[in-house]
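*Asks:* give the three-dimensional model of this entry:
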Amino acid sequence: MTGGAQPPREASLDVIQRELTAFARRARAAAARIHPEIPLVSYTLLAHIEERHGCRATDLAAHYLLDKSTVSRQVAGLEKLGLVERRPAPDDHRVQVLHATAAGTEILSSARTNRHAAYQERLSDWSAEDLARFATYLLRYNGTDHSGPDRDGAGHSDTGASRPPGHPSH
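*Replies:* Numbering: from 1, shown residues only. I've put the predicted structure just below:
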């Protein structure tokens, strides 16, 4: 097309790209408000460690498709802040498993509470059906990328979320 309007699909993709970028910026700003010394990547790694009740740094690198050196720097920062600690694996004491400390768990709990309240407020005028549809679309979107950070390194989708109640998988 020359100088005309974009086809509807292209226009929709442009809106999606712009809005996801805005969402990512808000997420980074929100993470900075939670704890100014914790970048979004570190916060995400801390949440993953806590949700898994511990994991190895190599597991984090594989799950998020990050270089081991990047994970190492982020984990070192979390350790310095007293939010993560290393413990020997029960089955192999040569292996170090990362665990959230009580301080790390407290920051995550506070962040979840604040985030939940913010979503409650922002989505207060949405119907239950709209919320369920939005949740389904997000799950579908995050489960689509077969090579992105929502893969667990073994070729399986692992978003850490489940389908909304009453909505079967597609």
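*Asks:* stretch 138-149 - what's its average pLDDT?
*Replies:* Mean per-residue pLDDT for stretch 138-149: 70.
*Asks:* same deal with stretch 21-29?
*Replies:* Mean predicted confidence for stretch 21-29 is 87.
*Asks:* got a list of contacts for it?
*Replies:* The contact list for stretch 21-29, computed with CB atoms under 8 Å, 6 or more residues apart in numbering, reads 39, 40. (Glycine included, C-beta is placed from N, CA and C.)
*Asks:* start at 272, not 1
*Replies:* Right, with 272 as the first residue, what we last looked at is stretch 292-300.
*Asks:* out of everything not next to it in sequence, what's closest to the one residue sitting closest to the centre of the chain?
*Replies:* Central residue of the chain (CA atoms, centre = their mean): residue 315, 5.4 Å from the mean position. Nearest non-adjacent residue to residue 315, counting by CB to CB, 6 or more residues apart in numbering: residue 335, 7.3 Å away.
*Asks:* I'd like the distance from the longest strand seen in the chain to the chain centre, please.
*Replies:* For the chain, the strand with the greatest residue count under DSSP state E is strand 363-371. Centre-to-centre, strand 363-371 and its host chain are 22 Å apart (CA atoms, centre = their mean, to the nearest Å).
*Asks:* try stretch 296-314
*Replies:* The answer for stretch 296-314 is 12 Å, by CA atoms, centre = their mean.
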